[in-house]
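1. I need the structure of the sequence given here:
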Amino acid sequence: MTFSTKFFKFTAICAFVAGVLWLIGLLFTFGFDDVTDVDSAIALYGNWAADWWTMVSVVGAFFFVIAMWGFTARKINDATGLATTGFIFAFANFLAYAIELFVIIIPWNQGVAAYLEEADEAVQAVLRSNLITGYGGAIDALLMTAMFCAMIWVLLYAIATWKGAGLEKGISYLLFILFILYWLNIILTGLELPWLMILMHIASTIVFAIAMFLLAAWLWRGKEAD
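-> Here you go, the predicted model:
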């Protein structure tokens, strides 16, 4: 399959924007506490940093999936199976975040608004029960799905670019590091060490952003640079 120079430059710009938005989103996370239960989730309602983080994350995910389309196009001929399978999981990763926002978080926030504005305690108790039912399990399932898909696409693209040189080799190294960080994040989740989880989140976000910047440079050069 052949792709035009304009296509690769367009996806390069998307990769760069995705990296920038991920770093901006990281800054917003310092403006609110992590959600640990329904009460802490309700407390985030109206928090400007949380709202902006959600918006930046979703917009960044759109640019990310376009960038991964370009990534796949660069490797479609010499690593067809790895590239196409990697894109399937990258797209599934994107869908998990999109579903989380549009199907769960937005309706849930509307429910929170109704709960906070309700004066009748009996009605408020019913609304709270609905919030509990509609939030925890679904959010956790989507987050686990997104994490699983992220680990798969990161590993597949790391392997697909391993034999490359220059920027491509750098991308491979970063993706392998990112894969390790994702695994450590899962392993350390049960240790209840908030400071360590914050550190892991910062590290994985920065590594991801750098990988996107290298990907942007690699895509910008196009196939003719190989």
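2. State which helix of this structure is the longest.
-> Ordering each helix of the chain by length in residues (DSSP state H) puts helix 121-160 first.
3. buried stuff in the helix or strand that that one is followed by?
-> Sequence-wise, the next helix or strand downstream of helix 121-160 (DSSP states H and E) is helix 167-188. Within helix 167-188, the residues scored as buried using 16 or more other C-beta atoms under 10 Å are 167-168, 170-172, 174-179, 181-182, 185. (Glycine included, C-beta is placed from N, CA and C.)
4. Run through who's touching helix 167-188.
-> 147, 150-151, 154-155, 157-159, 161-162, 164, 196-197, 200-201, 203-204, 207-208, 210-211, 214-215, 217-218, 221 (C-beta atoms under 8 Å, 6 or more residues apart in numbering).
5. continuing past it, what's the next helix or strand?
-> Moving toward the C-terminus from helix 167-188, the next helix or strand (DSSP H and E) is helix 194-221.
6. tell me, what residue is most central in this protein?
-> Central residue of the chain (C-alpha atoms, centre = their mean): residue 61, 6.2 Å from the mean position.
7. Checking the nearest residue to residue 157 once chain neighbours are set aside next. Helix, strand or coil?
-> Using C-beta to C-beta, 6 or more residues apart in numbering and skipping residues adjacent in sequence, the residue nearest residue 157 is residue 86, 4.8 Å away. Three-state call for residue 86 (DSSP: H, G, I helix; E, B strand; the rest coil): helix.
8. Just the pLDDT for residue 86.
-> Per-residue pLDDT puts residue 86 at 93.
9. number of nearby residues for it?
-> 25 (other C-beta atoms under 10 Å).
10. doesn't residue 160 make contact with it?
-> Yes. Using C-beta atoms under 8 Å, residue 86 is in contact with residue 160, at 6.6 Å.
11. orientation of the host helix or strand of residue 26 relative to helix 194-221 in degrees?
-> Taking DSSP H and E as the criterion, residue 26 maps to helix 5-28. Orientation of helix 5-28 against helix 194-221 (axes from the mean of the first three to the mean of the last three C-alpha atoms, to 10 degrees) gives an angle of 160 degrees.
12. Pull the CA coordinates from helix 5-28 and hand them back as PDB.
-> The C-alpha coordinates for helix 5-28 follow below in PDB (Å, rounded to 0.1, in the frame of the first residue of the first chain):
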ATOM      1  CA  THR A   5       3.600  12.700   1.600                       C
ATOM      2  CA  LYS A   6       0.800  15.000   2.700                       C
ATOM      3  CA  PHE A   7      -0.800  12.100   4.500                       C
ATOM      4  CA  PHE A   8       2.300  11.400   6.500                       C
ATOM      5  CA  LYS A   9       2.800  15.100   7.300                       C
ATOM      6  CA  PHE A  10      -0.800  15.400   8.400                       C
ATOM      7  CA  THR A  11      -0.500  12.400  10.800                       C
ATOM      8  CA  ALA A  12       2.900  13.800  12.000                       C
ATOM      9  CA  ILE A  13       1.100  17.000  13.100                       C
ATOM     10  CA  CYS A  14      -1.500  14.900  14.800                       C
ATOM     11  CA  ALA A  15       1.200  12.900  16.700                       C
ATOM     12  CA  PHE A  16       2.800  16.200  17.800                       C
ATOM     13  CA  VAL A  17      -0.500  17.700  19.000                       C
ATOM     14  CA  ALA A  18      -1.300  14.400  20.800                       C
ATOM     15  CA  GLY A  19       2.000  14.600  22.700                       C
ATOM     16  CA  VAL A  20       1.500  18.300  23.600                       C
ATOM     17  CA  LEU A  21      -2.100  17.600  24.800                       C
ATOM     18  CA  TRP A  22      -1.000  14.700  27.000                       C
ATOM     19  CA  LEU A  23       1.500  17.000  28.700                       C
ATOM     20  CA  ILE A  24      -1.100  19.700  29.200                       C
ATOM     21  CA  GLY A  25      -3.400  17.100  30.600                       C
ATOM     22  CA  LEU A  26      -0.700  16.000  33.000                       C
ATOM     23  CA  LEU A  27      -0.600  19.600  34.400                       C
ATOM     24  CA  PHE A  28      -4.300  19.700  34.900                       C
END
